[in-house]
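J.: quick one, what's the 3D model for this:
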Amino acid sequence: MTLAYVAIGSNLGRPVEQVEQAFEDLGSIAQTVLVKRSSLYRSKPLGYADQPPFVNAVALLDTALPPEGLLDALQAIEARHGRSRSFANAPRTLDLDLLLYGDAVVDQPRLVVPHPRMHLRAFVLQPLVEIAAGIAIPGIGAAQAMLEQCGDQSVERISG
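T.: Numbering: from 1, shown residues only. Sure thing, here's the model as predicted:
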C-alpha cells in the first residue's frame, strides 16, 4: 500500500456537491482507502480568469494501485462527472490531480509526480498542509514553505 495525495477542484454546476461526491468516489476505488480529507476551500481561477471561483480540497488515499492505475481511476471519476478538456485551465465540473504517490518521482508522458505545479498553487498547498502538516514535496521541499511563498494567492476556507 502507498499513500497518495489527490487534489480535487470544481467550478461548474454545483462545485461543493461535486467535491463532496468526489470524496465518496475516491473512497470507492478498488484496492484503495480514503484515509483523510481536507476542508473545502474557495479560490480564484489561475490562468484563464473569466470563469467562476473554484472549490478545492485534498484527499489522502492508501492504495495498492500503481501510479498509472490510480490515474486511470481518477480520470474515470472525472468522466463520470462530465469532465471536458476543452482548453488549458478551462472551467470544469471536476478535476482530480495526483499530487504525490509516496516518495515516488514519476516522469511519463501521461503522468508526472509530484504534480509539476503543485508547489506554486496555494489552493493545493493549503488543503495539503491542513491534512499533512510536515509533508515535503520530493525534489522541492517543505509544502508549508512553498505555501508561504504563495502569499499573494487568495484561498478561503469554506467548510470543515
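
J.: low-confidence ranges in this protein?
T.: Low-confidence segments of the chain (pLDDT under 70): 48-49, 83-90.

J.: now the strands for it?
T.: Under the criterion DSSP state E, strands of the chain are mapped to 2-10, 32-37, 40-43, 54-63, 95-101, 106-107, 112-113, 136-137, 141-142, 155-159.

J.: show me what the fifth one is packed up against.
T.: Taking 3 or more C-beta pairs under 8 Å, 6 or more residues apart in numbering; DSSP states H and E as contact, the helices and strands that strand 95-101 lies on are strand 2-10, helix 67-80, strand 112-113, helix 122-131. C-beta coordinates here come from the backbone N, C-alpha and C atoms, glycine included.

J.: for the protein, list the residue farthest from the centre, please.
T.: Asp50 (21.4 Å; C-alpha atoms, centre = their mean).

J.: re earlier: mind checking the helices and strands packed on strand 95-101 for the one nearest to Ser38?
T.: Smallest distance to Ser38 across the helices and strands packed on strand 95-101 (C-beta to C-beta): 3.5 Å, for helix 122-131.

J.: how much space between Ala145 and Leu96?
T.: Noted for Ala145: a distance of 25 Å to Leu96, by C-beta to C-beta, to the nearest Å.

J.: actually Gln75, not the one I wrote
T.: Gln75 is 8 Å from Leu96, where distance means C-beta to C-beta.

J.: so for those two, which sits in the more crowded spot?
T.: Using other C-beta atoms under 10 Å, the more surrounded residue of Gln75 and Leu96 is Leu96, with 23 against 14.

J.: how many neighbours does the closest residue in space to the more buried one that isn't next to it in sequence have?
T.: Of all residues not flanking Leu96 in the chain, Leu74 sits nearest, at 4.1 Å (C-beta to C-beta, 6 or more residues apart in numbering). By other C-beta under 10 Å, 23 other residues sit near Leu74.

J.: contacts only, for Leu74.
T.: Neighbouring residues of Leu74 by C-beta atoms under 8 Å, 6 or more residues apart in numbering: Val6, Leu96, Asp97, Leu98.

J.: from those, which is closest to Ile135?
T.: Val6 (13.6 Å).

J.: check contacts around that closest one.
T.: Contact analysis of Val6 by C-beta under 8 Å, 6+ apart lists Leu26, Val58, Ala59, Leu61, Leu74, Leu96, Asp97, Leu98, Leu99.
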